[in-house]
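Enquirer: give the three-dimensional model of this entry:
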Amino acid sequence: MPRRWISAEAGLAELRIKEAFPPQPGKGELGVKVCAAALNFSDLLMIDDKYQVRPPRPFTPGQEIAGIVMSAGEGARHAVGDRVAGKLLWGGFASHAVLRDDMAISIGKASSFAEAAALPVVYTTAYVALTECTTVGKDEVVLVHAAAGGVGMASVQVAVARGAKVIASAGSEAKRQAALANGATWAIDPGVANWSARIKELTGGRGADVIVDPVGGDVTQESLRALALDGRLLIVGFASGEIPKIPANRLLLKRAAAIGVYWNHDTDAQMLVRVNERMSGDLASGAIRPVIDLRHGLEAVPAALADLAARKTLGKVIIEIGDDA
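Expert: Numbering: from 1, shown residues only. Presented below is the predicted three-dimensional model:
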């Protein structure tokens, strides 16, 4: 019998796995056998009722999947048997899910389901940040916070692919080494006092041209000190749980910009076409390659989410589900 994780009350401890019939696709939708599902910090926030999207309970968390189309609704472009990946609003931590056809990405047999599941959210976000919200130039310096996490590692790879020099900020030596292995030029420890001074030192006093910030809180405040003249601070998220108040005088004095990184399929269709073209090209050339922390079995979801919350993960956390994974 197909199964899915259910969040009936806030908190990871309240997750329960239950048997459930596969959901049926409607018009423009696909019924997908989930072979791999990816984890995001937004899953944790959604489960805790702290995310901007608050589904009615009980609901099944999980926003990224890859798998095989088992049924297709009227008007769908994809057909039964197609290999697809895509972003859901929720519903991914299950053996079967319904995916909007216009949010489905076709995947070739050369890519594993685990690799494909890593693309729809974090790599799309990295490309939107670094090629749409701003355009990173060759030899610019990009500081990436949480550089060994999902969005962080994707941002390192995307920035390097555009010819930038990357400073990776990560909280352990293993994570810093992973970022360096994926193309970063330098790595720093954000746990040391006044780490922004190290950014200035590495850049000859100039600072970082672009900062990718998925953390928020005190990290954002210190990042303002690390920005170069005409720098761009990209606000990606608030993994720290703290939404910072940005002092406008710091932006004024550096002629800098704080830019929110946001996208969705309903309002940004043309932008996402451009992003998918860049992503597909970089994936084919080997310029990007997802770094995966692989977990096995649908039962692994709560433990994997707990590790993500505790910053014990490296790269993108993927749950393999089923025999076809």
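Enquirer: run a quick neighbour tally on residue 133.
Expert: Neighbourhood size, residue 133 [other C-beta atoms under 10 Å]: 21. Just so you know, the C-beta spots here come from the backbone N, C-alpha and C atoms, and that holds for glycine as well.
Enquirer: how about the one 3 residues further on?
Expert: Burial measure for residue 136: 25 neighbouring residues, criterion other C-beta under 10 Å.
Enquirer: same deal with the one 5 residues further on?
Expert: Close neighbours of residue 141, defined as other C-beta under 10 Å, add up to 25.
Enquirer: just the one 3 residues further on next, same as before
Expert: Neighbour count for residue 144, taken as other C-beta under 10 Å: 36.
Enquirer: beta partners for it?
Expert: residue 168, residue 212 (DSSP bridges).
Enquirer: please name the residues that touch it.
Expert: Contacts for residue 144 (C-beta atoms under 8 Å, 6 or more residues apart in numbering) come out as 152, 155-156, 159, 166-169, 179, 184, 211-212.
Enquirer: per-residue pLDDT, the one residue sitting closest to the centre of the chain?
Expert: The C-alpha lying nearest the average C-alpha coordinate of the chain belongs to residue 122 (C-alpha atoms, centre = their mean; 2.3 Å). Per-residue pLDDT puts residue 122 at 92.
Enquirer: contacting residues for it?
Expert: 38, 40, 150-151, 153-154, 316.
Enquirer: distance to residue 24 and neighbour count for those residues - can I get that in JSON lines?
Expert: Converted to JSON lines, the contacts of residue 122 look like this (distance: C-beta to C-beta, whole Å; neighbours: other C-beta atoms under 10 Å):
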{"residue": "38", "distance to residue 24": "24", "neighbour count": "28"}
{"residue": "40", "distance to residue 24": "26", "neighbour count": "28"}
{"residue": "150", "distance to residue 24": "31", "neighbour count": "31"}
{"residue": "151", "distance to residue 24": "33", "neighbour count": "28"}
{"residue": "153", "distance to residue 24": "36", "neighbour count": "33"}
{"residue": "154", "distance to residue 24": "33", "neighbour count": "31"}
{"residue": "316", "distance to residue 24": "29", "neighbour count": "27"}
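Enquirer: among these, which are located in strands?
Expert: Of the contacts of residue 122, the ones assigned to strands by DSSP state E are 38, 316.
Enquirer: just for the stretch 201-325 of the chain, where's the confidence low?
Expert: The stretch 201-325 of the chain contains residues with pLDDT under 70 at 323-325.
Enquirer: residue boundaries of the helices in it?
Expert: Assigned by DSSP state H, counting those that start in this stretch, the stretch 201-325 of the chain shows helices spanning 218-226, 248-253, 269-285, 301-309.
Enquirer: could those helices go into JSON lines alongside mean neighbour count and distance to residue 34?
Expert: Output for the helices of the stretch 201-325 of the chain, formatted as JSON lines (neighbours: other C-beta atoms under 10 Å; distance: least, C-beta to C-beta, whole Å):
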{"stretch": "helix 218-226", "mean neighbour count": "20", "distance to residue 34": "34"}
{"stretch": "helix 248-253", "mean neighbour count": "12", "distance to residue 34": "43"}
{"stretch": "helix 269-285", "mean neighbour count": "15", "distance to residue 34": "21"}
{"stretch": "helix 301-309", "mean neighbour count": "19", "distance to residue 34": "11"}
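Enquirer: what about residue 146, helix or strand, and which?
Expert: Using DSSP states H and E, residue 146 falls within no helix or strand.
Enquirer: endpoints of stretch 43-57, how far apart?
Expert: For stretch 43-57, the first-to-last residue distance is 14 Å (C-alpha to C-alpha, to the nearest Å).
Enquirer: before we move on, back to that, now, the most widely separated pair of the contacts of residue 144?
Expert: 179 and 211 (14.8 Å; C-beta to C-beta).
Enquirer: among the contacts of residue 122, which lie within helices?
Expert: Per DSSP state H, helices hold the following members of those: 150-151, 153-154.
Enquirer: need the max-distance pair from those residues.
Expert: 151 and 153 (7.7 Å).
Enquirer: tell me if residue 159 really is in a helix.
Expert: Yes. Applying DSSP: H, G, I helix; E, B strand; the rest coil, one finds residue 159 inside a helix.
Enquirer: number of nearby residues for it?
Expert: 28.
Enquirer: quick revisit: could I get the contacts of residue 122 as JSON lines with distance to residue 128?
Expert: Listed next are these as JSON lines, based on distance: C-beta to C-beta, whole Å:
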{"residue": "38", "distance to residue 128": "17"}
{"residue": "40", "distance to residue 128": "15"}
{"residue": "150", "distance to residue 128": "14"}
{"residue": "151", "distance to residue 128": "11"}
{"residue": "153", "distance to residue 128": "16"}
{"residue": "154", "distance to residue 128": "11"}
{"residue": "316", "distance to residue 128": "17"}
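Enquirer: I am finished for the moment; much appreciated.
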